[in-house]
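Student: got a predicted structure here, sequence first:
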Protein chains: 4
Amino acid sequence: MPAVAMLARTPQPPVSLPGAARPAESSHLKIDCMLAYELDGDCEFMFLIHPVQHPSQTLVQEELRLEPGVAHRVFVDAHSGNRVLRLRAGAGPLQLNYSAVVERHVDEVDRDAPEWPVHELPDDVLRYLLTTRYCESDLLGPVAQQTFGSLPGGHARVSAICEWVREHVQYRIGSTTATSTARDVFVQRSGVCRDLAHLAITFCRALNIPARLVSGYAAFPDPPPDFHAVIEAYLGGRWVMFDPSGMAPVEQLVRLATGPDAKDVAFATIFGPARMVAMSPELGRMDTAAAPVGMRALAPVP
Amino acid sequence: MPAVAMLARTPQPPVSLPGAARPAESSHLKIDCMLAYELDGDCEFMFLIHPVQHPSQTLVQEELRLEPGVAHRVFVDAHSGNRVLRLRAGAGPLQLNYSAVVERHVDEVDRDAPEWPVHELPDDVLRYLLTTRYCESDLLGPVAQQTFGSLPGGHARVSAICEWVREHVQYRIGSTTATSTARDVFVQRSGVCRDLAHLAITFCRALNIPARLVSGYAAFPDPPPDFHAVIEAYLGGRWVMFDPSGMAPVEQLVRLATGPDAKDVAFATIFGPARMVAMSPELGRMDTAAAPVGMRALAPVP
Amino acid sequence: MPAVAMLARTPQPPVSLPGAARPAESSHLKIDCMLAYELDGDCEFMFLIHPVQHPSQTLVQEELRLEPGVAHRVFVDAHSGNRVLRLRAGAGPLQLNYSAVVERHVDEVDRDAPEWPVHELPDDVLRYLLTTRYCESDLLGPVAQQTFGSLPGGHARVSAICEWVREHVQYRIGSTTATSTARDVFVQRSGVCRDLAHLAITFCRALNIPARLVSGYAAFPDPPPDFHAVIEAYLGGRWVMFDPSGMAPVEQLVRLATGPDAKDVAFATIFGPARMVAMSPELGRMDTAAAPVGMRALAPVP
Amino acid sequence: MPAVAMLARTPQPPVSLPGAARPAESSHLKIDCMLAYELDGDCEFMFLIHPVQHPSQTLVQEELRLEPGVAHRVFVDAHSGNRVLRLRAGAGPLQLNYSAVVERHVDEVDRDAPEWPVHELPDDVLRYLLTTRYCESDLLGPVAQQTFGSLPGGHARVSAICEWVREHVQYRIGSTTATSTARDVFVQRSGVCRDLAHLAITFCRALNIPARLVSGYAAFPDPPPDFHAVIEAYLGGRWVMFDPSGMAPVEQLVRLATGPDAKDVAFATIFGPARMVAMSPELGRMDTAAAPVGMRALAPVP
C-alpha cells in the first residue's frame, strides 16, 4: 500500500506581527483558591485547579494544602496536558487551599488570522470539529450556516459569533444546570459563562472552525469569585482565545484546563457523596515590582 | 508540595484462567470492504476502516485501492490508537476497496471479573466514566441505579445490562438517526446496534463502570453486510467485550476503532458534499489451512 | 350519505355497588386560600382557585376578598367546566383571600371497573387519549406497552401504573420546572405531584385509557400547604380518581379544575410582570356537627 | 361576593372596510379526497376530512363512499366545531372517497388589524395563548421577544413572523416526524407545512397574540396533492389566516379543522393496526358558471 504523504499544513509558532518588535506584555498574577466539601462517605476527586504549562504563562510558585492531609498526587494527563489532582477522602470535612503565582505573557492578537480549510488542519486538531456532549454542532449546523455562513471568515467570523452570543444570551446565574447543552442555551437564551462558551464553540465547529473550551482563573469586576470559561478557536495555525461572555479580559486569564467541552475541564469531578460548602477561587494582580519579594521558596512545577 | 504517590491499581495482563493451559483459539478472517461515494465538490474524509493493532488480532495482510487514485495516508491517532485513513477528493465518484486477512485470537472470558472501585481505576481509564454526546450517563443515573444498582457487581452486572437492553430495545433499522442518543433510545425503545451499545455504555458509566464503544467488522447471519458496534467494560483490570445487540459473536469481530462513543469511531467522517451510494463491509471466515496460500505478499502493517 | 348511527356506549351514572345501600360518606371541609403577588406593572390573571360544581362536592359557602379591590369576575369555562376568576391589576401588591366550605361526598370505589375499548368511548372522552404538552403519550408508547401492556386491564392496571410511578419517581421539590414533561420525569425519576400525575396520565393514554389531570385543595400531613394534582382515568364508563403521589387521601380532595394536563389547570395563569410572594392554600376538616354553626350567610354558588 | 362585570372587548363581525362596498369575491371549489388503508385488525378511526361550517365557505354538496360499507357517523365536536367522521373497521382494506363542492367567500384583509391587549381578549380566545404539545410557546418566549418584540404590532408583526419562518425554515419532506415540535423545527430549520405553522403559532403566542392551526384542502402548484396546514392569529377582534409556508393562496383554502395544534386537527387519528397505502386529497377550481349544473342532488350539510 503506497503511503503517500499528504501533510496537513504545519501549525504556526506564536505570532510575531510586523512592527511588533517590543516584547509582549507580562504581568504577575496571584491565585488563592479555597474549596471546601462535606463528605458523607468515601469520595474520589479529580480536581483541575492547577495551572497548566503553556507558552502564555509561567508558574512561579505554587502550594497546595489539604485538611485533612489525605494522600494525593498531581499528574499531567497525556491526552489533554491538563494537570490533574487526584485524591481520595473519607467522611467528614475536606478543604483545599491552593495558592500560586503565575507570570502571564500576552502576545498581540492577529485580527487577520484566517480560517484554515479542513484539509490543511493538523490531524490532532480535527477532533475539535466533532460534536460533543455539550456542543451539539451537528444539531446547530443549519442555524450556524444561516447566521454566520456568509460573513467574512477567520478572526472576524469568530468575533462575530462571540458578539452574537453575548447579545442574544443573557448572563443569568441559576438559569442553567450541569446538564444544559448548547442547544438548550440557544433556545432559552440565558446561561452562565460556560453556557455561552458552549454555544460559541458549537457555532464555530458547525462552520468547520476547530474550537474548544478553556477553564481558568479570572479577575471579575464583581464578586463573588468563580472559575471562568472561555473558548479557543483554531485560526491561522494556532489557538486564539475569545471570551464570549465578555466578563473578564482574556489577557489576565490563568489557564487551567483545555478540552472539547465542560465535561473535560470541570474544576472538580467527584465520585461519591460530597457536597460543596464553600468555594473561593480568587485571582489578583500583583504589584509587579514587589511580587517576587517575600515569597516562600516553593519547588517550581516539575 | 508533597507529591505523595497514591497509585491506582495496575491494569492486568490478558487473563490466564486456572486450568486454561490449552492455547486460546484462533481463526483467520477475511475482510472485503467496499465504499462508494458521489462527490459534488471537494471533500475531506477520515475513514476508520483499518483494523487496529491489538492483542486480540494479528493483521496478516491488507490492501487498499482507491478509484480515482487520490493522495492519502494512514496514521495512528495518538489519543485513541485508531488507524485513520485521511484523504481528499474532488467532485465525481470515489470508491474504496479495502481487503485484509486478520488472525483473530480468542481468550477465555473470566465471568467472575469484578468491578474495580473508582479509586483503583488507572488515570487513563477514568475518562470512560464521563458523560458524552451519545451516552448521557449524567441524565440516566437514577434509572441505572434503580434498575441495576442492587444486582451483583462485575461481569454479571454488565451482562445483565446488555440483556436488559436486548430485551427492551427493539432492533429496527431506520428507527434512529445520526443524532439519536442513549436517552432517546431509552425512551423510544428501538434502535440499531450502535444505539443499543450507547445505552449499555451509559448504564455502565452511571454505575461507575468504565465503558466504551468498539466498531468492527462482523459476520452477520443475515445480509446486508454492515459495520458493527459493540461495547467494552473495564472489569478486573482489563477491557472486556460485550455485544448488547447479540447479533454477532464477539469472538469473530475484527476490531476497527475504540472511543467514548459513536462520534469517535464513525467509519467515515466527511467534510464536504458527499453522498454514499454503496457500501459493503464483508467479513468471512477462511478455511484456516488454505488461507495463506496464494495470497499476494503485502507489506505488513507497520 | 347514510347517516348510520354508531353510538358509543353511554357513560355510566355514579356507581351503586351491590350491597352498598348505606349512603355514601360525606364530610365538611374548610378552605382558606391566600395568594400574594407583587406586580411591577399591569397584569392580567386567570385563577383556578374556585371549587367546581361536581357530583362529588357541594359548595356550602364561599367568599373572595381582594386587596386592592380590583374589578374581577368568575365565569364557568364552557369547554372544561372550570370556574375561572379573571382580573386585572396594576403595579403594587395584590392579595387574594378565598375561603369556602365544601361538603365532600365519597362514593365507594369499584375496583373491578373495566377499561372500555376505544370504539365504545364517548366522543367527548376521546380527547383524553391524545398526546399533550406535558403528557407525550406518543413518545412513551413503547415503554407503556412493555411495562404495563400485559397486566390485567381496568382499575387494576391504573393502580399498577400509579404504584409504579410512586415507586420509581422520587418526590423532590425543586427537581423539576414549569416546563418539565412526562418524558423528562420518566428519565430523571424525580418530580413533584404534578409531574407524577403527568407520567401516570401519559402511561394510561399510551394504553388507550383516557386520563386527565385534576387540581385540588388537599390536606397534607406535612406543611407547607400547597395545591395538589391527581389524575382521573376513564374506567367502566366514569372518571375514577387516583393519586399517583399517594400524598393525600383522594376522598378529601376538593376539586378545583380538570383538564388534559397542567397547562389547563394551573391555579394561576399570569400575563405580565408579577412575582408571587406568599401562598397558603389550606384545607382543613371541620367538626361535622359544628360546621354550619356560626357561619356567615354567604350567597351560594350560582 | 360582588360579581363585578369586567367584560372583555366584544369580538368583531366580519370586516367591512371603508370603501369596500363591492361584494367579496367568491369561487366554487371541488374536493376529491381518496384515502386507502390496509388494516391488520380492528381499528377505530376519527377523520377530519369534512369541511366545517364557517362564514368563509358554503358547502354546496358532499358525498362520502366507504369500501367496505362500514357503519359510521359524522358529528360536530362541541369544543372545536370540527366535523368528525368516526368509524370502526375490521381487518382488510379500507377506502374512503369523499367529494364535495364548496363555495369559498373571500373578504378583504385588514392589514392594519391591531393586536388586542390580553385584558381585552374574550374568555374563549385565551386558550390560544397557552403552550401546547407542538407549540412550546413557554420555551421559545425569549427568542420571540428578541426577534419580533420590537416590531410594530398587529397584522404587520404576524406577517413578519410568517416571513421569518419562510426564510429560515426550509420546506423539506421527510425532515420531521409526527413528534417534531416547534422547538425542534426552530433548531433544525427544516420541516413541512405543519411544522412551519407550529413555529409561527409558537412565536405569536409567546408575544401574547392568540394563534391556532387550521387544516384544509389546498390547490398546490406541484403534485402530489396533500392536506395543508396554515395558521390563524387573533387580530382586531377576529381570526385572520396566514400561510407561513407560502405554498398555496389562503383565499382558496377549504377549511377542515381548527385547533391549538396538529394533534387536534389531524386528518386521521387511528387506534389500531392500520397502514395508509394511498392518499389523494385533491382540490380544484370549478368553472363558476358551469359548476352547479349537472350536480347530483345531495343533502346539504345539516
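Tutor: Great, that's in hand.

Student: in the stretch 151-300 of chain A, which spans are helices?
Tutor: Here the stretch 151-300 of chain A has its helices, by DSSP state H, counting those that start in this stretch, at A:155-168, A:182-188, A:193-206, A:262-265.

Student: which of the ones you listed sits closest to residue B:59?
Tutor: helix A:262-265 (32.1 Å; Cβ to Cβ). Bear in mind the C-beta positions are built from the backbone N, C-alpha and C, glycine included.

Student: ok so, going back, right, so the helices of the stretch 151-300 of chain A: which one is the most enclosed?
Tutor: Most buried of the helices of the stretch 151-300 of chain A, by mean neighbour count (mean count of other Cβ atoms under 10 Å in any protein chain shown): helix A:193-206, with a mean of 29.

Student: so for it, mean pLDDT?
Tutor: Confidence for helix A:193-206, expressed as mean pLDDT, is 98.

Student: any idea of the angle it forms with helix A:155-168?
Tutor: Put simply, helix A:193-206 runs at 140 degrees to helix A:155-168, going by axes from the mean of the first three to the mean of the last three Cα atoms, to 10 degrees.

Student: and the strands in chain A?
Tutor: Per DSSP state E, chain A carries strands over the ranges A:25-39, A:43-47, A:57-67, A:72-76, A:83-89, A:92-106, A:170-171, A:190-191, A:211-217, A:227-235, A:238-242, A:254-259, A:268-271, A:274-285.

Student: so who does the spatially most central residue of chain A touch?
Tutor: Central residue of chain A (Cα atoms, centre = their mean): residue A:214, 1.3 Å from the mean position. The contact partners of residue A:214, taken as Cβ atoms under 8 Å, 6 or more residues apart in numbering or on different chains, are A:229-232, A:241, A:253, A:255-258, A:265.

Student: what pLDDT does residue A:224 get?
Tutor: 81.

Student: one more: residue A:133?
Tutor: Listed pLDDT for residue A:133 reads 98.

Student: and what of residue A:288?
Tutor: The model's pLDDT for residue A:288 equals 53.

Student: tally of neighbours for the residue of the stretch 201-302 of chain A found nearest chain B?
Tutor: Residue nearest to chain B within the stretch 201-302 of chain A: residue A:271 (4.4 Å; Cβ to the nearest Cβ). Look at residue A:271: counted by other Cβ atoms under 10 Å in any protein chain shown, it has 18 neighbours.

Student: look up how far residue A:42 lies from it.
Tutor: Using Cβ to Cβ, to the nearest Å, we find residue A:271 at a distance of 9 Å from residue A:42.

Student: ok, now residue A:129?
Tutor: 39 Å.

Student: then residue A:258?
Tutor: Taking Cβ to Cβ, one finds residue A:258 at 30 Å from residue A:42.

Student: if we can go back for a sec, so what pairs up with the residue nearest to the centre of chain A in the strands?
Tutor: Beta-bridge partners of residue A:214, counted by DSSP bridges, are residue A:230, residue A:258.

Student: more neighbours: which of residue A:129 and residue A:42?
Tutor: residue A:129 (21 against 16).
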